[in-house]
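A.B. asks: One predicted model, sequence on top.
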Amino acid sequence: MPAPTRRTFLALGALTGLLLLPGCTDDHPAKTPQPQAEDPDRPLRLRQLAATDALLARYDAALAAAGTDPGTLGDLRADVVRHREEFARTLPAPAASPSASASATVSASATASAAASAAAAPTAADLAAAEQRTAALRLADLAAASPELARTLASVAASGAAHAAALGDTTAPAAPAPSPDPSASTAASSSASASAPAVPAADTGALQAALAAEHAAVYGYGVVGAFLPAGPRREDARTTYAAHQARRDAWQRLLAAGGASPTAAAAGYRLPFPVKDAATATQLAAHLETQLTAAYADLAAAPAYRDQAAAALRECALRAAHWGADLPALPGLAAEQ
């Protein structure tokens, strides 16, 4: 029963040490520097930076009130600092490091301490609500973002949802099951299939990869369930197994209706490590969900499927944390970008 490249920047070398000798003339007039194209993601990145700084200020106020042992709050804040770094990565230094960015450094805790003395420090519930609101802002910019930024937004939104859960937010379901199949709300029929839009060629690979990852998850949760004793954990595995089956089936229908041949499940899958008891079965469940975050981060770059991919990425991140995975700050993104 079944229950994770980056770009390198080329630096232009500066010509130095050239001295003009008296009487020499320049046969080659200096070329006028060509202005660089405006980064279309810049407004989105700046908006996300502002939201991240506001969230960091809340963490700093809470940490200042918490005293010398930051505990979980310190770990969560470190993730948010990593989110800020990623949003600022392609921005010029002045834009990426505004004067207000002191709230993104450890020294900001001193400033927050003074603020905390004048007002009540945020509670865990306050921080969880702030994480949820900020995650919603990430998702609101998905449609307008470039493919690269869309992957980042989906990943950071998933991290925010996991933060909210770690802070005790029970309003975010650990395993929501929205269907990624656009035709799921209507009765299946041959005419509906015939009228389904074709899967964009540029998106087919990422969609097939997500389907293949779901095939592997369905198989893996069969192993997980076999080694878990009767009880809440096994029921969790059973529910998650059904959720992965449903998403697998939905991707298959979507591909088939769009004119593509869905990737078939393999006859068997090699496990990443031996599973021999409940402890290793739990580790396998955490591994499966963490691996799935990579497939859905890639799918989030596809304009036609961003909302569905971001929802699936969030679900997988929440499940991974539920099974005990140590989620990175950017779930699904290779080597933390």
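C.D. replies: Okay, I see it.
A.B. asks: Using the three-state scheme, assign the residue nearest the centre of the chain.
C.D. replies: Geometric centre of the chain, nearest residue: Ser155, 0.9 Å, by Cα atoms, centre = their mean. Under DSSP: H, G, I helix; E, B strand; the rest coil, Ser155 falls in the helix class.
A.B. asks: how close does the closest residue to Arg77 other than its chain neighbours sit to Gly220?
C.D. replies: Using Cβ to Cβ, 6 or more residues apart in numbering and skipping the chain neighbours, the partner closest in space to Arg77 is Tyr59 (4.1 Å). Any C-beta I mention is one placed from the backbone N, CA and C, and that applies to glycine too. Applying Cβ to Cβ, to the nearest Å, the value for Tyr59 to Gly220 is 35 Å.
A.B. asks: cool, Gly71 as well?
C.D. replies: Using Cβ to Cβ, Gly71 is found at 32 Å from Gly220.
A.B. asks: and the two? which has more neighbours close in?
C.D. replies: The neighbour count for Gly71 versus Gly220, taken as other Cβ atoms under 10 Å, is higher for Gly220 (26 against 10).
A.B. asks: these two touch, right, that one and Leu288?
C.D. replies: Yes. Contact criterion Cβ atoms under 8 Å: Gly220 and Leu288 qualify, at 4.6 Å.
A.B. asks: which residues touch the closest residue to Ala143 other than its chain neighbours?
C.D. replies: Distances taken as Cβ to Cβ, 6+ apart put Arg306 closest to Ala143, at 6.7 Å, once the chain neighbours are dropped. Shown in contact with Arg306 (Cβ atoms under 8 Å, 6 or more residues apart in numbering): 142-143, 150, 154, 300.
A.B. asks: ok, so of these, who is nearest Ala93?
C.D. replies: Lowest distance from Ala93 to the contacts of Arg306 (Cβ to Cβ) belongs to Ala150, with 24.5 Å.
A.B. asks: if we can go back for a sec, ranking by neighbours, what's the top pick from the contacts of Arg306?
C.D. replies: In the contacts of Arg306, the most neighbours by other Cβ under 10 Å go to Ala154, 33 neighbours.
A.B. asks: Would you confirm that that one contacts Asp141?
C.D. replies: No. Ala154 is beyond contact range of Asp141, at 10.4 Å (criterion: Cβ under 8 Å).
A.B. asks: Where do the domain boundaries of this protein fall?
C.D. replies: Under the assignment automatic domain parsing, the domains of the chain span 42-166, 190-336.
A.B. asks: Give me the distance from the first one to the chain's centre.
C.D. replies: It refers to domain 42-166. 14 Å (Cα atoms, centre = their mean, to the nearest Å).
A.B. asks: How far does it stretch from one end to the other?
C.D. replies: 31 Å (Cα to Cα, to the nearest Å).
A.B. asks: so what does the helix or strand containing Leu46 touch, helix or strand wise?
C.D. replies: Using DSSP states H and E, Leu46 falls within helix 42-66. Under the contact criterion of 3 or more Cβ pairs under 8 Å, 6 or more residues apart in numbering; DSSP states H and E, helix 42-66 touches helix 71-88, helix 93-96, helix 108-118, helix 124-140, helix 147-166.
A.B. asks: Report the buried residues of it.
C.D. replies: Residues of helix 42-66 classed as buried: 44-46, 48-49, 51-53, 55-66 (neighbour count, 16 or more other Cβ atoms under 10 Å).
A.B. asks: Stretch 269-281 too?
C.D. replies: Under the neighbour-count criterion of 16+ other Cβ under 10 Å, stretch 269-281 has 275, 280-281 buried.
A.B. asks: quick revisit: any chance of a markdown table for the domains of the chain, columns mean pLDDT?
C.D. replies: Converted to a markdown table, the domains of the chain look like this (pLDDT from 0 to 100):
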| stretch | mean pLDDT |
| --- | --- |
| domain 42-166 | 84 |
| domain 190-336 | 93 |
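A.B. asks: mind listing what the residue nearest to Arg77 touches?
C.D. replies: Contacts of Tyr59 by Cβ under 8 Å, 6+ apart are 73, 76-77, 80, 127.
A.B. asks: Can you give the contact residues for stretch 284-296?
C.D. replies: With contacts defined as Cβ under 8 Å, 6+ apart, stretch 284-296 is touched by 3-4, 154-155, 158, 206, 209-210, 212-214, 216-217, 220-221, 223-224, 237, 240, 271-273, 275, 309-310, 312-313, 316-317, 319-320, 323-325, 327, 331-334.
A.B. asks: Alright, calling it a day.
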